[in-house]
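In: Need a 3D model of the following:
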Amino acid sequence: MKVLLRQNVYKLGKIGEVIDVRDGYARNYLLPYGIAYQPTEANLKRVEDEKQRYLEELAKQRAEIEARAAVVQGKEITIAARANEEGHLYGSVGPAQIASILAEDNIFVEVRDIDLGEPIRQLDKYDVKIRFNEDISATIHVWIVPTHEEGEDEFAGSVETPASESAEETDE
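Out: So this is what the prediction gives:
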C-alpha cells in the first residue's frame, strides 16, 4: 500500500515522501496514528504545507542551537579536585561534574552531550567537546586544579598579596 508520510520516520522515509509499505503496517499503525495519509492530491498539498512549516521550525531551532554553541565556545571552567603529589586525582571528574559547573553559570547542557571519552583522572587543562546537534558542537576548556584544604602546608605559600596591600601594611 502506498502512503504519504506526514513526518520523518526512522528507517522509513522523510516528510512528504510517498512510500510503499505493507498493508497491515499502514492500516494498523501509520494511518490511525496520523503518521501518514492516503496519497491524494488534497493530502499532497496539505503535507507540502506541513513540510514548509516543519522546515521553518527546524531552521529556527538550528539558529537557537547555534547561538547556544556560540555562548559556550571557548568558555573556561575550573574544577577543584583532591589529588596526590604527582597530580593523580583520588577520584575522577566526569561529564556530570562538568554539566553542574556549567549549570552554575546558567548554561544548561545534557550530560550525554558532553563528549569526554573517558573520565579525567589527572590535574591538567582539557579541551572538552559538547555536541548540541549532529553537526553543531562547541569546545570548552576545563582546568582541573587541586583543592586547597585547610591545614595543608603544600599550598600555604602559593597565595600572593598584591604589592599595594603589602606596602600599606609595612607603612603602619
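
In: quick one: the helices in the protein?
Out: Counting by DSSP state H, residue ranges of the helices within the chain are 23-25, 41-72, 95-104, 163-171.

In: Nearest residue to Arg112 in space, please, no chain neighbours.
Out: Pro95 (7.7 Å; C-beta to C-beta, 6 or more residues apart in numbering). All C-beta atoms are positioned from the backbone trio N, CA, C, and that covers glycine.

In: Val145 is nearest to which of the helices of the chain?
Out: Between Val145 and those, the shortest separation by C-beta to C-beta is 12.4 Å, and it involves helix 95-104.

In: Could you check how far that closest one is from the centre of its chain?
Out: Put simply, helix 95-104 sits 11 Å off its chain's centre (C-alpha atoms, centre = their mean, to the nearest Å).

In: Pull the residues that contact that helix.
Out: 72, 75, 77, 79, 108-112, 114, 116, 128, 140, 142 (C-beta atoms under 8 Å, 6 or more residues apart in numbering).

In: quick check: domain ranges of this structure?
Out: Split into domains by automatic domain parsing, the chain comes to 2-65, 73-150.

In: Mean neighbour count for these - can I get that in TSV?
Out: Putting these into TSV (neighbours: other C-beta atoms under 10 Å) gives the following:
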stretch	mean neighbour count
domain 2-65	14
domain 73-150	14
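
In: Cool, thanks, signing off.
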